[in-house]
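>>> My questions concern the predicted model and sequence given below.
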Amino acid sequence: MKTHRPKTMPAHAQICLQSLAESGLGNRISLGGAFGLMHYFEYRSTFDVDAWWHPDATNRERQRVVTVLEATLQPFGSVRTRSWGDVVSVELRTGARKAFSFQIAQRSAQLEPPTSSPWADICLDSFPDLVANKMVALVERGAPRDLLDIYTLCQENLVTAAQCWQLWRRRQTLAGSDAESTRARLAIQTHLARLEQHRPLASIADANARASAQRVRTWFKAEFVDALT
C-alpha cells in the first residue's frame, strides 16, 4: 500500500524524527500506532508518537535514541522520561499539562518487515502490522478510538473485517498469545456494552454524532463480530 507524508503531523513529532534521522538512528525504531497509520490513511490526528524498537537495536543504541529525544525536546519545556514494562516514554510538558510523548515499546511479534518513511530516514511499520496491532488494542483495551480506527479502515475498503481477524490471529500466534475466538468475541461484546453504559446513545445531544455512534456500534455487533470464525 502506498504511503505518504501526513498532512497534520505534530510539530514535536516532526522535529524528533528529523533529529533521529540526522543522528543515524532512524532505523533503530519503527513507527506504529495511530501515528504510523497516518502514513497510509489520514482521517484523525494524534499528538503523540508510538514506535517499536528494532529487534537488533542494542542497549547502547536505545539509550542514544532516548538521549536524542530528550535533547530535542528540552528547548520546548520540561522533559521527563518514564519506563514501565517493555515501554519507554519521553514526555514533554508545558506548564501543568503534557504536550507530547514519544513512546517506544519492545515488539513481541512482527508480520512483515518495516518499510521506509516517505519523508525521512525512519522505519515505518507495514500496513498489516499496523492493523494487527490495532486489533490487539481493540480486543485487549477496546477504547473508543480503537473501535473507530478499525471501523473507518473497513468502511474505506482498506481492509475487511475478516482480514482484520486473520491479521489478529497471525499476530497472536507469532507472539505466543491467546488467539481463541470465543474470548475475543466476548471481549468485543464487553467493550461495546461498557461503552453503551458509559455513553448511551440518548445522551449524545448532537444528532449527527448520535447517528454516527449508532452506525459504528451496530456494525460491530452485526458484522464485525460475525466475521470472526
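Received it, and whenever you're ready, just let me know what you need.

>>> so Val90 makes contact with Ser101?
Yes: between Val90 and Ser101 there is a contact under C-beta atoms under 8 Å: 6.9 Å. Placement of C-beta: from N, CA and C, glycine included.

>>> and those two? which has more neighbours close in?
Val90 (23 against 19; other C-beta atoms under 10 Å).

>>> Enumerate every residue touching the closest residue to Pro6 other than its chain neighbours.
Among residues not flanking Pro6 along the chain, Met38 sits closest, at 4.1 Å (C-beta to C-beta, 6 or more residues apart in numbering). Met38 makes contact with Pro6, Thr8, Met9, Ser45, Thr46, according to C-beta atoms under 8 Å, 6 or more residues apart in numbering.

>>> tell me the contacts of the fourth one?
Going back to what we said before, that points to Ser45. Counted by C-beta under 8 Å, 6+ apart, Ser45 has contacts Thr8, Pro10, Met38.

>>> And Gly95, by the same measure?
Gly77.

>>> repeat for Leu201
Arg210, Ala213, Gln214, Arg217.

>>> Filter the residues you listed down to just the buried residues.
Those of these that meet the buried threshold are Ala213, Arg217, by 16 or more other C-beta atoms under 10 Å.

>>> the strands in this protein, which residues?
29-32, 49-53, 78-84, 87-94, 97-105, 115-116, 123-124 (DSSP state E).

>>> Pipe these into CSV and attach distance to Leu69 and mean pLDDT per row.
Formatted as CSV, the strands of the chain follow (distance: least, C-beta to C-beta, whole Å; pLDDT from 0 to 100):
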stretch, distance to Leu69, mean pLDDT
strand 29-32, 10, 98
strand 49-53, 9, 97
strand 78-84, 8, 96
strand 87-94, 4, 96
strand 97-105, 5, 95
strand 115-116, 20, 93
strand 123-124, 16, 97
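
>>> By mean pLDDT, point me to the weakest helix or strand of this structure.
The helix or strand of the chain with the poorest confidence is strand 115-116; it has a mean of 93 (mean pLDDT, DSSP states H and E).

>>> And Pro118, how close does it get to Ala21?
The gap separating Pro118 from Ala21 is 13 Å, by C-beta to C-beta, to the nearest Å.

>>> Which of these two has more residues huddled nearby?
Counted by other C-beta under 10 Å, Pro118 and Ala21 do not tie: Ala21 has more neighbours, with 16 against 13.

>>> Spatially nearest residue to that one (excluding sequence neighbours)?
Asp121 (4.2 Å).

>>> give the contact list for the one you found.
Asp121 touches Ala21, Gly26, Asn27, counting by C-beta under 8 Å, 6+ apart.
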